[in-house]
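Q: Could you look at this predicted model? Sequence included:
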Amino acid sequence: MVIKSENKIATEGLIQQSDPPAFKGHKEYHAIMKEFDRYVGLDMMKSFVREMYAWLYLNTIREEKGLKTSRQALHMVFKGNPGTGKTTVARLIAKLLKDMNVLEKGHLLEVERADLVGEYIGHTAQKTRELVEKAMGGILFVDEAYSLARGGEKDFGKEAIDTLVKVMEDRQHNFVLILAGYPKEMDHFLQLNPGLPSRFPMVVTFPNYTSAELLEMLHQMAKERDYHISPGAVDYIQELLMISKDYERKHFSNGRFIRNLLEKAIRMQAVRLMHQDSYNQESLLTLMKVDFTKAFQKIMIE
């Protein structure tokens, strides 16, 4: 994972560390860390949020002491495959910024190309400005942002980009804009408009989940639904994850893949139990290897 900021500071291979004593009395910080603890595999993002919190807090201390503070814009780029936690982290950051009185409302407005791009000249700018107004006091999260540049010079997506750039400049401290998408596509997207890179002081790359994290996520999701996974199914899923992660390395859907696999396995179990006419508690609770095998086969043909 790499976190970059406009001041050229970069941290590679961040390792989760225990909080030093200086963080102990900060209720806003600990409230958001408690939220993070609910999710599997976001340890890297904790380091990023810790860095952001410390910077914002120190700015308030400097201001109290009459020292100069840099009111840096908080617009961000989130790069990562689907299901790596980008929307979740954006929602948690919105909450933190509200708790720290940086954002007035702290809500997250999630949009995509279809929400921003209109059907005729001028319509796109109008739609984009209206969405920005709705996001004021919170975060505007544009998923698959690179799709705004796919149509070339004559596409109305360019109008959306130009409108966002202007609003970011005019009202940069009233809301936060987060552009998100696949790493390679986002890198290309940022190169298309010379004004974009300088307006995003924070670029965060979300790593794929490890197989162990994905398996933990699967167990957690199953437990929340009152299921457990048989040992034979666990062995099969571990092999399945290794194959799937390698085969779809650049576009592996991480948590989305796990959720989809589990939901299909539950339906396959229901069909299996109907055929077996077996409805005892253990049968109802247990997801077998055959359920996940058939679930994966369905995923492959969809």
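A: Nice, thanks for sending it over.
Q: Can you list the helices and strands that the strand or helix carrying residue 178 packs against?
A: Secondary structure from DSSP states H and E places residue 178 in strand 176-181. Where contact means 3 or more CB pairs under 8 Å, 6 or more residues apart in numbering; DSSP states H and E, strand 176-181 is packed against strand 76-79, helix 86-99, strand 139-142, helix 183-192. Backbone N, C-alpha and C define where each C-beta goes, glycine included.
Q: so where's the stretch 51-200 of the chain shaky on pLDDT?
A: Applying pLDDT under 70 to the stretch 51-200 of the chain picks out residues 151-154.
Q: now do 80
A: Along the stretch 51-200 of the chain, the parts satisfying pLDDT under 80 run over 70-72, 150-155, 172, 193-195.
Q: and what of the stretch 201-302 of the chain?
A: In the stretch 201-302 of the chain, residues with pLDDT under 80: 245-251, 301-302.
Q: if you compare the helices and strands packed on strand 176-181, which one is most tucked away?
A: strand 139-142 (a mean of 26; mean count of other CB atoms under 10 Å).
Q: Identify all contacting residues around that one.
A: 87, 90, 93-94, 97, 103, 107-112, 116, 131-132, 148, 164, 175-180 (CB atoms under 8 Å, 6 or more residues apart in numbering).
Q: Going through these, which ones are buried?
A: 87, 90, 93-94, 97, 103, 107-111, 116, 131-132, 148, 164, 175-180 (16 or more other CB atoms under 10 Å).
Q: how many neighbours does the nearest residue to residue 63 once chain neighbours are set aside have?
A: Excluding the flanking residues, the one nearest residue 63 by CB to CB, 6 or more residues apart in numbering is residue 69, at 5.2 Å. For residue 69, the neighbour count with other CB atoms under 10 Å is 14.
Q: likewise residue 161?
A: There are 22 residues near residue 161, going by other CB under 10 Å.
Q: which residues does residue 82 contact?
A: With CB under 8 Å, 6+ apart, residue 82 has these contacts: 251, 253-254, 256.
Q: could you redo the last one with a cut-off of 7 Å?
A: 253-254, 256 (CB atoms under 7 Å, 6 or more residues apart in numbering).
Q: Relative to residue 214, how far out is the closest residue in space to residue 187 that isn't next to it in sequence?
A: Counting by CB to CB, 6+ apart, residue 187 lies nearest to residue 79, which is 7.4 Å off, once chain neighbours are set aside. To residue 214, residue 79 is 20 Å away according to CB to CB, to the nearest Å.
Q: repeat for residue 281
A: For residue 281 relative to residue 214 (CB to CB), the value is 28 Å.
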